[in-house]
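>>> Predicted model and sequence below, questions to follow.
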Amino acid sequence: MVRVGEFFLARDDESALRVGPRRSHDFPAVPCDGIYPDDAVLQWEAELTGTESTLRDLVPMANDGFAVFAVSEPLCTALAATGRDLLVATARAWAETASEPDDEISLDSAVDLLERVSALAGSRTEKHLNLYCWYFAP
């Protein structure tokens, strides 16, 4: 189970590599504790764009349980442009697909997370930053 994680904005890959558990940073961020964000973004992208990109890992998951990946441009664009009704529908589809107890998320939590990540994605262009995610799943 994922213990901690967050979606965050950073200038570039090098900057993004400085995040992680017990590493403080001042990047705009949204916590995503308790989910597998790599699985989530693939499903969000499929729901919002009709396609599914391959994750671009900066730090691939290894035996230490730590990973960092970049969120795809198509998903960032879709999240920034999507209205609340489609975000709620996407959150509902995501919450309903939980197949394992560790993957479960309530509809309210799914909507809240998607809305906050959507706002983060929307602010990335004006700030000239990219959207990334790190998580720790020991």
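Arrived safely.

>>> How is Phe7 classified with respect to secondary structure?
strand (DSSP: H, G, I helix; E, B strand; the rest coil).

>>> got the contact list for it?
Neighbour list for Phe7: 29-30, 32, 37, 71, 117, 120, 131-133 [criterion: C-beta atoms under 8 Å, 6 or more residues apart in numbering]. Quick note: C-beta positions are derived from backbone N, CA and C, even for glycine.

>>> Nearest to Glu47, out of those residues: which one, please.
Distance to Glu47, by C-beta to C-beta, is smallest for Val117 among the contacts of Phe7, at 13.3 Å.

>>> Do me a favour and average the pLDDT over the helix or strand harbouring that closest one.
Using DSSP states H and E, Val117 sits in helix 107-127. The average pLDDT for helix 107-127 rounds to 95.

>>> Which of the residues in that helix are classified as buried?
110-111, 113-115, 117-118, 120-121, 124 (16 or more other C-beta atoms under 10 Å).

>>> how about the helices of the chain, start to end?
Using DSSP state H, the helices found in the chain span residues 13-16, 37-49, 73-81, 84-96, 107-127.

>>> Save the ones you listed as JSON lines, and put in distance to Gly5 too.
Putting those into JSON lines (distance: least, C-beta to C-beta, whole Å) gives the following:
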{"stretch": "helix 13-16", "distance to Gly5": "13"}
{"stretch": "helix 37-49", "distance to Gly5": "6"}
{"stretch": "helix 73-81", "distance to Gly5": "16"}
{"stretch": "helix 84-96", "distance to Gly5": "16"}
{"stretch": "helix 107-127", "distance to Gly5": "11"}
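
>>> how about these, which one is nearest Val4?
helix 37-49 (10.8 Å).

>>> Pull the residues that contact the closest one.
With C-beta under 8 Å, 6+ apart, helix 37-49 has contacts from 2, 5, 7, 32, 51-53, 55, 61, 67, 69, 71-72, 74-75, 78-79, 82, 86, 89-90, 93-94, 97, 103, 114, 133, 135.
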